[in-house]
Structures are given as structure tokens and as C-alpha cells.
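Participant: Could you work out the structure for the sequence below:
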Amino acid sequence: LFCYRVDKSTLLLGGALTDGGSIIEWARSLFNLHSTESFNMCLQKVAKIYSGRCESPSPGVTMAPFLSGERSTGFRVGANGCISGITRETTSIDIVYACLESVVLRLCAIIKLLTSVCEENKSQYILVASGNALEKNHLWRQMLADCCAIDIVIDSDSNEGTSRGVALLVAKTLCNDCSKESLVIENESVPDHKASNYWKTASVAQERLISAVSSTWGGT
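Facilitator: As a prediction, this is how the structure comes out:
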């Protein structure tokens with residue numbers, strides 16, 4: 001994680017991924033899913049896979065999404081991407097699914113570290129989705145909500161979530177009441193707790209994969 005002191009009473013704690021939306025762009029390019037129509041058809045099939053696995057977890061393709069090295073949580077610049085579990089039956093849909101799932105798991109790993117150092121109850125948290133890839137992909141937001149068991153919202157009153165966050169921190173420094181501006185929620189993804197067992201299993205599988213291949217990475 002990173003930690004910045006904003007002022008004498010405020011710390012900014014966070015994490016960052018090198019590859020998030022870029023993973024999906026890589027998959028779209030790899031499988032020629034450039035058009036919105038073809039990508040949306042792919043996502044519909046991915047959604048069916050996700051629904052089935054949440055109801056009846058089964059082994060699938062596992063991915064370590066480090067195409068450009070790793071920032072949070074290990075900050076291993078020499079990390080490489082890895083896909084495990086491929087069989088003759090594996091399709092491009094399975095790989096796209098693994099891409100979405102793998103980024104969700106890395107985001108959730110960061111979120112768990114962040115919430116572990118906070119005193120508030122987890123049910124009091126809300127995550128505000130930011131970035132074109134996440135904002136436009138409802139399935140991806142739902143997967144993230146299910147994985148980390150926290151509501152995911154889109155703030156329609158902000159075009160750039162990071163800039164808004166900085167503005168609120170500045171406002172808090174200048175005037176404490178100025179930072180209490182309410183979110184204008186356009187869309188909300190509520191966790192489906194029936195999916196919790198699936199995500200626990202998926203998390204263990206990814207961590208085992210990363211542990212198994214990390215010794216092959218250079219510059220770590």
C-alpha cells in the first residue's frame with residue numbers, strides 16, 4: 001500500500017494496480033473483440049459462466065494479471081502474467097472471464113488491507129467506481145461487490161473520481177463541513193452473499209498460483 005500525510009490529522013492510504021482496464025483491452029485485442037457488439041456478446045457469455053459458478057463452484061482458469069509487473073500488493077516490478085488451468089475445452093470466453101476475475105481478486109486484496117487498518121465496520125463502507133472500464137462494465141462491478149462484500153456505486157455528479165477525492169480532501173482542510181457533500185448515486189451494485197464461497201476459493205487459487213510462479217520472476 002501507499003500512505004501520504006495530507007495534513008497533521010489526515011492520512012491518505014491506498015493501493016494501485018499496474019494492470020486493470022488494460023487487461024481487458026489486451027484480451028479484446030487478443031480475441032478480436034474490438035467492436036462494442038462483439039464485446040457485449042462475450043460479456044453475456046461470461047455472465048452465464050459467473051452465475052453458474054456462484055451456484056455450483058467448479059475449477060476454471062486462474063490468472064495472475066501482471067502483464068506489466070506488479071504494484072500493490074507485492075510491488076514486484078519483474079512480475080509476469082500467468083494463466084493456469086487451460087484444457088482442450090478452454091475457450092476465449094474462459095480467458096476473458098479469467099481476466100475479469102483476476103483483476104477483481106487483486107482489487108479485493110488491496111481493499112482487505114485497507115479495511116484491516118480501519119476501525120469502522122465493513123458494512124459501513126461504500127466503494128465509488130472510477131475509470132472508464134469499470135464504470136461501463138456492470139458485470140465487473142457486480143463481481144467486485146460480491147468478492148469484497150461491499151456496495152459499489154457510480155457517482156453521476158463526478159466525471160473523474162480521483163479528482164473529486166482530491167478536491168474533497170482540500171475542502172476538508174479548508175473547511176471541515178465542506179467535505180460532507182453527498183454522492184449522487186447513479187448505479188449501485190449490492191453484494192450477493194451467496195457468491196462468497198466461490199470468491200474465497202478463487203482467491204486461494206490465485207494466491208497459490210502467484211506463490212508457485214513468483215520464483216521465476218526476475219527483478220523482484
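Participant: and the longest helix for this protein?
Facilitator: helix 92-116 (DSSP state H).
Participant: how about that helix: buried residues?
Facilitator: Going by neighbour count (16 or more other CB atoms under 10 Å), the buried part of helix 92-116 is 93-111. Using the backbone N, CA and C atoms, a C-beta is placed for each residue, glycine as well.
Participant: can you give me the strands for the chain?
Facilitator: For the chain, the strands defined by DSSP state E occupy 2-7, 10-14, 62-64, 82-84, 126-128, 151-155, 185-189.
Participant: so which of these gets nearest residue 139?
Facilitator: The closest of these to residue 139 is strand 185-189. By CB to CB, the value is 9.4 Å.
Participant: neighbouring contacts of that closest one?
Facilitator: By CB atoms under 8 Å, 6 or more residues apart in numbering, the residues outside strand 185-189 that reach it are 138, 141, 142, 144, 145, 151, 152, 153, 154, 155, 156.
Participant: Who wins on neighbours among those residues?
Facilitator: residue 144 (25 neighbours; other CB atoms under 10 Å).
Participant: didn't that residue look like it was pressed against residue 108?
Facilitator: Yes: counting by CB atoms under 8 Å, residue 108 is a contact partner of residue 144 at 7.1 Å.
Participant: Quickly list what residue 12 is bridged to.
Facilitator: When bridges are called by DSSP bridges, residue 12 pairs up with residue 4.
Participant: returning to that earlier point: kindly indicate which of the contacts of strand 185-189 lies nearest residue 4.
Facilitator: residue 155 (22.2 Å).
Participant: you'd agree the closest one is up against residue 184?
Facilitator: Yes: using CB under 8 Å, residue 155 is in contact with residue 184, at 5.9 Å.
Participant: low-scoring stretches of this structure, by residue?
Facilitator: Residue ranges of the chain with pLDDT under 70: 119-123, 157-161, 176-181, 219-220.
Participant: Tell me where it has helices.
Facilitator: Using DSSP H, helices in the chain cover 21-30, 36-55, 92-116, 132-135, 138-148, 161-174, 196-213.
Participant: Could you save those helices as CSV and add columns showing distance to residue 68?
Facilitator: Formatted as CSV, the helices of the chain follow (distance: least, CB to CB, whole Å):
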stretch, distance to residue 68
helix 21-30, 7
helix 36-55, 22
helix 92-116, 13
helix 132-135, 15
helix 138-148, 19
helix 161-174, 20
helix 196-213, 15
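Participant: In contact with residue 125, which residues?
Facilitator: 115, 150, 151 are the contacts of residue 125 under CB under 8 Å, 6+ apart.
Participant: Lovely, talk soon.
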